[in-house]
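Chemist: Got a sequence here, can you build the structure:
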Amino acid sequence: MSKRQIPITGFLAKRPRTGAPENTEPKPQESHEDAKSSSDSASDGEAGNGNEETTAPTASVPLNSMDPECDKSSVGVPGLSLLKRDGPTQPKCCFDKVGGRAFVAAWYKKFPWIEYSEATKRAYCYPCRFFRKIPSRTWCIDGFAHYRKSERIAAHGASEEHKAAMEAWSHYRTERSTGETVATRLGEAARATVLANRRRILYCLQVVLFCAIQGIALRGHSEDRADPDDKTNSGNFLGILKLVASHSQAHRELFEGPRNSRYLSPKVQNELLHLGSQWVRKKISDSVSDSKYFALICDESRDNSKTEQLCITVRYLRPVSSPNSTSSAPLELAESILMTSACEALTSDFLTELIYRGLVENNISVANCVSTSFDGAASFSGSKAGVQKLLRDRYAPLSIHVHCLAHRANLVLTSVCREIQSIPLLFDTLQEVYIFISSAAVHPQWMNVQRRMYPHEPPRELRALSETRWNARYESANIMWLRLKGIYELLDLIIDNDVPDRRAKADALSQRLDGTFIIGLSMMRWVLQIMSAFTIEMQKVDFNLSDAISRAVDLDKLLQRPKVGEPDEIWEDVIVGPAKDMCEELEVDFIPQRPIRRVRADHGPRCEADYRSIFIKVCDALHREMQDRFLGEERQALYDGLDALNPAMGDKFLQASPLIRMAQHFKIISDESCAVSGLLAEVRTLRDSLNRVDGKPASLMTLLHFLNQREPIFHNVFQLARVCATIPVSSAQCERGFSGVRRVKNFMRSNMAHARLSDLIVLHLNRELASQINEEQVVDNYRDAAERRVKL
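Modeler: Residues are numbered from 1 along each chain as shown. Modelled structure (predicted):
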């Protein structure tokens with residue numbers, strides 16, 4: 001063929017260099033059973049993956065290299081065991097159909113090596129995942145889903161590769177049961193070497209956990225492990241180890257020996273970090289399993305890298321940890337952050353599946369979720385297609401949704417502050433005073449005035465208003481009231497001695513801080529104080545929904561003030577009285593009780609009666625919002641059930657009808673008459689028992705402790721009380737999680753990987769559990785996760 005006859009693609013083909021050896025590396029050969037499975041898969045296509053390849057060469061296997069729990073021959077499959085010693089994952093559940101057929105639970109007994117993932121709905125081979133040299137794509141990576149051709153399972157069990165993996169698994173179990181590994185049979189010298197190696201890993205683990213719990217960075221700008229003086233700022237991890245090594249020979253050995261086996265690299269730090277967080281997650285999932293019922297709390301927020309992070313928190317009951325804890329130990333409520341995850345989309349469907357996968361990967365049964373608590377975003381709380389609706393329809397049929405009460409209280413206050421015309425003017429004045437005093441030229445003078453006028457108190461800063469911070473309005477109004485005399489002194493000082501621009505601004509602000517402002521500030525300070533106290537109480541972890549609704553009822557009664565002309569102690573003693581005293585102290589004219597003259601134009605409140613009318617309008621608006629957002633009739637069925645288990649509710653306590661409806665909803669009893677009769681018998685017996693004992697329970701939690709000591713007698717009522725206590729009040733724990741995210745992933749660490757951020761947050765915000773980590777067990781997990789250069 002001449003040059004002109006060569007196709008155009010011939011000129012674009014990549015040719016080897018002259019004299020360069022050709023790549024003659026042989027391709028890995030397919031095993032017989034994998035090749036057969038591959039051809040069958042290509043012809044069938046019934047499991048949704050018709051063109052799957054079943055051989056997986058080591059260079060092209062999509063191993064989860066970032067996950068240190070994975071063995072060199074193990075693939076990170078969601079919902080399956082991550083360590084060799086965990087054994088096959090064999091859940092007893094309702095298996096979904098794939099291609100018209102479902103997995104059969106009897107295969108667990110027939111093929112003890114088989115395991116099933118609820119997340120992928122496929123079967124896998126446990127020994128091949130961990131002990132086979134070259135992973136099988138069908139049985140290790142993609143999973144087996146051709147359930148109608150069950151003969152392939154037996155064919156895989158008869159393959160040579162599987163038999164070799166089974167033999168390796170058998171040897172591993174023998175070593176685990178007897179403790180006789182190769183290292184232990186080498187004598188005292190080998191045993192001493194193993195102990196020294198484990199001690200090195202233990203030192204590194206302790207420093208990693210310390211940095212993670214404290215929320216400080218591990219690595220620095222340039223890590224030089226050979227720099228004894230740490231001149232290049234190698235970070236906290238190496239810096240702490242070098243500091244301790246200067247006083248300890250045992251720690252000094254970490255920086256000696258071969259550089260490739262010192263175990264100080266960033267990769268090792270990430271592995272130890274992940275293993276520590278997995279230990280905490282395992283403790284949380286075990287506690288949730290022991291409690292059985294749990295509530296799901298989620299929220300999303302943007303971090304410093306402009307990535308939307310989803311925070312998943314679980315609420316559950318656990319025994320109070322004590323040295324002498326027994327089976328009937330008192331129970332306490334816990335809210336634990338399970339993980340954070342980056343959101344690739346913010347649709348309800350994506351968020352629902354992301355939450356489901358996160359729970360399944362941590363071995364938490366979603367079907368036991370009795371309640372969800374989100375903020376008011378439509379993607380989460382939507383009644384038609386929100387996450388709470390999709391979770392209930394797909395995975396958690398028993399769950400009920402509770403809109404975060406702290407968010408509701410903030411919405412109540414925001415709505416009222418916008419509805420009453422004169423209230424925004426008051427907050428505008430507060431914000432302008434804050435901006436003026438916070439300026440660079442005025443702020444030093446403000447500090448000096450406070451030191452002179454309040455010598456026995458530390459200087460205090462004025463607070464800015466914020467729409468998202470729940471207590472920002474009260475903090476701003478309260479500090480303004482406490483430092484109002486100092487603010488007047490500062491403005492007079494600037495008017496007399498400063499430059500003309502600031503003198504004019506100070507004079508304008510001084511005229512706005514008159515008697516009408518003072519009585520308005522006194523009025524809103526009281527309103528914001530009671531709402532702030534209510535919001536803070538809603539954020540407590542040990543607060544339950546029954547007590548929260550009881551507080552809402554009390555607050556609603558407090559907001560129902562007498563009409564104009566009728567005596568009101570709150571108005572006279574708490575609002576007007578302090579306002580008059582403040583005006584006298586500041587030598588400011590107080591507003592008259594009645595307007596001096598009639599005016600046609602509406603110039604705002606001009607007298608005490610006007611402010612009394614505004615006060616009543618504010619209280620009435622708060623009352624309407626509380627009725628609408630907290631005490632609506634559509635929630636009455638739930639509230640009746642909660643009141644029936646709250647001893648503080650008087651006549652509503654232990655009413656039979658609400659208890660029966662709630663017990664049937666949560667499947668504690670069936671609809672049969674005998675089950676209902678059993679519950680009624682427990683209620684009658686419990687009522688008689690409470691009448692005979694001294695020190696009757698006064699709240700839901702004390703009743704729960706009373707029932708916990710008598711669980712065999714009051715089994716159904718005890719389960720109901722556990723469910724009611726588990727229902728969350730607010731999503732404040734997720735807000736604390738986002739605060740932790742901003743501390744950990746700050747602007748200097750904004751390129752952190754998502755998995756590493758999740759591990760750091762779990763350790764940082766679950767510090768109580770993180771401080772209890774079994775370090776020797778984590779070192780064992782590190783040894784089992786992959787082959788190591790040194791014996792551990």
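
Chemist: which stretches of the stretch 151-300 of the chain aren't confidently modelled?
Modeler: Scanning the stretch 151-300 of the chain for pLDDT under 70 picks out the ranges 179-187, 221-232, 257-258, 260.

Chemist: Mind jotting down where the strands sit in it?
Modeler: Counting by DSSP state E, counting those that start in this stretch, the segments of the stretch 151-300 of the chain that form strands are 294-302.

Chemist: Same question for the chain.
Modeler: Using DSSP state E, the strands of the chain run over 97-98, 101-102, 114-117, 122-125, 294-302, 308-319, 331-342, 369-374, 400-403.

Chemist: Which stretch among those strands approaches Ile761 most closely?
Modeler: Closest approach to Ile761 among the strands of the chain (Cβ to Cβ): strand 331-342, 5.2 Å. Where C-beta positions appear, they are placed from N, C-alpha and C, glycine not excepted.

Chemist: on that earlier part again, between the strands of the chain, which gets nearest to His665?
Modeler: Short answer: strand 400-403, nearest of the strands of the chain by Cβ to Cβ, at 8.1 Å.

Chemist: For the nearest residue to Ile616 once chain neighbours are set aside, give its distance to Arg503.
Modeler: Nearest non-adjacent residue to Ile616, counting by Cβ to Cβ, 6 or more residues apart in numbering: Arg561, 5.7 Å away. The spacing between Arg561 and Arg503, counted by Cβ to Cβ, to the nearest Å, is 42 Å.

Chemist: Keeping just the C-alphas, turn stretch 525-539 into PDB.
Modeler: Taking Å, rounded to 0.1, in the frame of the first residue of the first chain, the C-alpha atoms of stretch 525-539 are listed here in PDB:
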ATOM      1  CA  ARG A 525     -36.400  42.500  76.000                       C
ATOM      2  CA  TRP A 526     -39.100  40.800  78.100                       C
ATOM      3  CA  VAL A 527     -40.700  39.200  75.000                       C
ATOM      4  CA  LEU A 528     -37.400  38.100  73.600                       C
ATOM      5  CA  GLN A 529     -36.300  36.700  77.000                       C
ATOM      6  CA  ILE A 530     -39.200  34.300  77.400                       C
ATOM      7  CA  MET A 531     -38.900  33.200  73.700                       C
ATOM      8  CA  SER A 532     -35.100  32.700  74.100                       C
ATOM      9  CA  ALA A 533     -35.600  30.600  77.200                       C
ATOM     10  CA  PHE A 534     -38.100  28.500  75.400                       C
ATOM     11  CA  THR A 535     -35.800  28.100  72.400                       C
ATOM     12  CA  ILE A 536     -32.800  27.100  74.600                       C
ATOM     13  CA  GLU A 537     -34.900  24.500  76.400                       C
ATOM     14  CA  MET A 538     -35.900  23.000  73.000                       C
ATOM     15  CA  GLN A 539     -32.200  22.400  72.200                       C
END
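
Chemist: and it, how far from the chain's centre?
Modeler: Between the centre of stretch 525-539 and the centre of its chain there are 24 Å (Cα atoms, centre = their mean, to the nearest Å).

Chemist: show me the residues around Leu218 that make contact.
Modeler: For Leu218, the contacting residues are 208, 211-212, 235-237, 269, 273, by Cβ atoms under 8 Å, 6 or more residues apart in numbering.

Chemist: one step back: so which of the strands of the chain is nearest Pro88?
Modeler: Proximity to Pro88 (Cβ to Cβ) singles out strand 114-117 among those, at 3.9 Å.

Chemist: Output the contacting helices and strands for that closest one.
Modeler: Counting contacts by 3 or more Cβ pairs under 8 Å, 6 or more residues apart in numbering; DSSP states H and E, strand 114-117 is packed against strand 122-125.

Chemist: average pLDDT across the strand it packs on?
Modeler: Average pLDDT, strand 122-125: 92.

Chemist: who does it touch, helix- and strand-wise?
Modeler: So strand 122-125, by 3+ Cβ pairs under 8 Å, 6+ apart, packs with strand 114-117.

Chemist: Provide the strand pairings for the strand it packs on, with the direction of each partner.
Modeler: strand 122-125 (antiparallel) (DSSP bridges).

Chemist: For the partner strand, list the C-alpha coordinates in PDB.
Modeler: Only the C-alpha atoms of strand 122-125 are listed here, as PDB (Å, rounded to 0.1, in the frame of the first residue of the first chain):
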ATOM      1  CA  ARG A 122     -26.700  -8.800  45.600                       C
ATOM      2  CA  ALA A 123     -24.800 -11.800  46.900                       C
ATOM      3  CA  TYR A 124     -21.100 -12.100  47.500                       C
ATOM      4  CA  CYS A 125     -18.500 -14.600  48.500                       C
END
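
Chemist: before we move on, back to that, what number of residues lie near the residue nearest to Ile616?
Modeler: As a burial measure, Arg561 scores 18 neighbours (other Cβ atoms under 10 Å).
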